[in-house]
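1. I'd like to go over a predicted model; first the sequence, then the structure.
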Amino acid sequence: MVAAQDPESFFATAPPLRDADAVDARLQEFIARNSNNAGGGGGRPIVCVTSGGTTVPLEQRCVRYIDNFSSGHRGAASTEYFLKAGYAVIFVHRRGSCQPYCRFMPDDSFLKFLDVNEESKVQVARSHETVVKKSIGDYSKAMECGSLLKLPFTTIFEYLQLLRMVATSVSSVGLRGMFYLAAAVSDFYVPWDSMAKHKIQSAGGPLEMRLSQVPKMLSVLRNQWAPLAFCISFKLETDSDILVQKADMALNKYKMNIVVANLLATYKDEVIIVTNGEKNTIRRCNTDEDLEEQIIILLTQKHSKYIYGSQMGATRV
Ligand code: PAZ
């Protein structure tokens, strides 16, 4: 493993984001529309939800890559509950990962929820009618209100460039901006300028590779890109003995407002919400429930308190 590059050289050497100008234009339009006071509504608070795992390419013309564990379910479900709570959501997600309002579709085969009727027309199977109707209704509502913007990434390079673009833009909404960083982000990577250009050949025997540390962008997010935003990061561990300690460390080192700590073995059923001086365990009672519903209720309450507290002179929750 090689020491961390500084953030500036990470960005200077990363392959530039494709269609960056078009993405930026959509983002600016989204933020302006949703933070606009016109119409007397006072605008919506804006949250950036990151979701899914980043990849680390091993070759510039990429055949092989290292991946991170994450289906994107947490980010997709959370997006739905943020929208329900009146937020505008910038959904920064891994291409092909779980999407809002599609979580209940069978993932093994779409054929399971389709039928052919007597007139040989394809229709939704009765068994899935309710869930499909509800999903389409909720999705259409979010799209009609213009309160959901989806920005896809695959690699660590794309993810961090998008995060920087969103953060520097969202900083214009100050206290009303939130970051909910549920994506599983690579800690190690191969810098673009030292990466093999073509497919690595196996004829040379075993592969030896040194990975560099990805610069710790949470500090940069907090200190430079969006200093006033309400920041929530996630901490996933496999060892329960170190989980809370690592979450506390992230809270203090990166000055996060909240860290959501979870274990690989139980992350669907239980999380610990770690704030300055407080630890709340949230559990779901049965598998039909979304743990994310409870998480978002708690976080949006804390965000409101943060806005109010900051206006009164306090800075942390
Ligand atoms: O995407 P998913 O629902 O399969 O998993 C969610 C999660 C475990 C990736 C998320 O809760 C999380 O902990 N994200 C941060 C991972 C990390 O520490 O890098």
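-> Thanks, I have the structure now. Numbering: from 1, shown residues only.
2. does the helix ranked longest in the chain come close to the ligand?
-> Ranked by residue count, the top helix of the chain under DSSP state H comes out as helix 291-312. No: remark: helix 291-312 sits outside contact range of the ligand, by CB under 6 Å from any ligand atom, the gap being at least 8.9 Å. Where you see a C-beta, it was placed from the backbone N, CA and C, and this is true even at glycine.
3. what comes into contact with that helix?
-> Helix 291-312 has contacts (CB atoms under 8 Å, 6 or more residues apart in numbering) with 45, 74, 77-78, 80-82, 85, 87, 175-176, 178, 180, 228, 230, 232, 257-258, 260, 268-271, 273, 275, 280, 282-284, 315-317.
4. and those residues near the ligand, which?
-> Among those, the residues lying close to the ligand (CB under 6 Å from any ligand atom) are residue 74.
5. Okay, and which of the contacts of helix 291-312 map to strands?
-> Among the contacts of helix 291-312, the members found in strands (DSSP state E) are 178, 180, 230, 232, 258, 260, 270-271, 273, 275, 280, 282-283.
6. out of those residues, which are buried?
-> 178, 180, 230, 232, 258, 260, 271, 273, 275, 282 (16 or more other CB atoms under 10 Å).
7. What ranges does the stretch 51-200 of the chain have for its helices?
-> With DSSP state H, counting those that start in this stretch applied, the stretch 51-200 of the chain shows helices at 73-84, 129-145, 156-170, listed in chain order.
8. just checking, what packs against the first one?
-> Helices and strands touching helix 73-84, as assessed by 3 or more CB pairs under 8 Å, 6 or more residues apart in numbering; DSSP states H and E, comprise strand 46-51, strand 88-94, helix 129-145, strand 177-181, helix 291-312.
9. Export it to CSV, keeping only CA atoms.
-> In CSV, the C-alpha atoms belonging to helix 73-84 read as follows (Å, rounded to 0.1, in the frame of the first residue of the first chain):
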residue,chain,number,x,y,z
HIS,A,73,-30.9,-0.7,-1.3
ARG,A,74,-30.2,1.6,1.7
GLY,A,75,-29.7,4.6,-0.5
ALA,A,76,-32.7,3.9,-2.7
ALA,A,77,-35.0,3.3,0.3
SER,A,78,-33.7,6.4,2.1
THR,A,79,-34.3,8.5,-1.0
GLU,A,80,-38.0,7.5,-1.0
TYR,A,81,-38.3,8.5,2.7
PHE,A,82,-36.5,11.8,2.2
LEU,A,83,-38.8,12.6,-0.7
LYS,A,84,-41.8,11.7,1.5
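10. and the direction of it versus that of helix 129-145, what angle?
-> If you take axes from the mean of the first three to the mean of the last three CA atoms, to 10 degrees, helix 73-84 sits at 60 degrees to helix 129-145.
11. likewise the last one?
-> Taking the same axes, to 10 degrees, helix 156-170 and helix 129-145 form an angle of 60 degrees between their directions.
12. Mind checking the pLDDT average for helix 156-170?
-> Helix 156-170 shows a mean pLDDT of 98.
13. about what we covered before: mind listing what's buried along the longest helix of the chain?
-> For helix 291-312, the neighbour count (16+ other CB under 10 Å) marks 291-296, 298-300, 302-303, 306-307, 310 as buried.
14. what's the angle from it to helix 73-84?
-> Going by the same axes, to 10 degrees, helix 291-312 makes 60 degrees with helix 73-84.
15. where does helix 291-312 sit relative to the chain's centre, distance-wise?
-> Helix 291-312 has its C-alpha centroid displaced from the chain centroid by 18 Å (CA atoms, centre = their mean, to the nearest Å).
16. Residue 69 reaches residue 184, doesn't it?
-> Yes: the pair residue 69 / residue 184 is scored as a contact, 5.7 Å apart, by CB atoms under 8 Å.
17. Overlap in contacts, those two.
-> If you check residue 69 and residue 184 against CB under 8 Å, 6+ apart, the residues they both contact are 53, 236.
18. The two: who's more crowded?
-> residue 184 (22 against 9; other CB atoms under 10 Å).
19. is that one in a bridge, and if so with what?
-> Going by DSSP bridges, residue 184 is paired in beta bridges with residue 53.
20. I'd like to know how far it sits from residue 231.
-> Using CB to CB, to the nearest Å, we find residue 184 at a distance of 17 Å from residue 231.
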